[in-house]
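Peer 1: Turn this into a structure:
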Amino acid sequence: MATTLINPSDLATPRGFSHGASGTGRLLFVAGQTGTDSAGNLVSDDLVAQFDQALANVVRVVQAAGGKPEDIVKINLLVLDAREYRERGRDIGTAYRKHLGRHFPAMTLAEVKGLFDDRAKVEIEAVAMVP
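Peer 2: Numbering: from 1, shown residues only. The predicted structure follows:
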């Protein structure tokens, strides 16, 4: 199974994401993951630590379905503070590459008023095409 990232030349060159992605396989919809550990406890009040754990949780779900991180075709990032996310971009990028390397699927970042867990600062949803 292969995922193809789609970046038309007549659109602005994306940085850290792709304009589109396609592939073949079973669609896997990963529910929003927050920065909680296996016991359901938030790992930290720090945005980057929460992002790191939330993305690890997303990858774990994909792996449990028989896929690998490169099978992710879409990520939705929900954050409480988009400015903080941008300001912490270098550290978030490091955490991102730890889990997904240089794989940049289609992505959306949205600032939201609140998340289910009152202490959560980020929630990550994903769609993957798994074998």
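Peer 1: Now do the contacts for the residue most central in space within the chain.
Peer 2: The centroid of the chain falls nearest to Ile75 when counting by C-alpha atoms, centre = their mean (4.6 Å). Applying C-beta atoms under 8 Å, 6 or more residues apart in numbering, one finds that Ile75 lies in contact with Val58, Pro105, Ala106, Met107, Thr108, Ile124, Glu125, Ala126. Glycine gets a C-beta too; all of them are placed from N, C-alpha and C.
Peer 1: pretty sure the fifth one belongs to a helix, no?
Peer 2: No: when DSSP: H, G, I helix; E, B strand; the rest coil is applied, Thr108 is found to be strand, with no helix at that position.
Peer 1: Pull up the per-residue confidence for the nearest residue to it once chain neighbours are set aside.
Peer 2: Computed as C-beta to C-beta, 6 or more residues apart in numbering, the closest residue to Thr108 that is not its neighbour in sequence is Asn76, at 4.9 Å. With respect to pLDDT, Asn76 has a value of 98.
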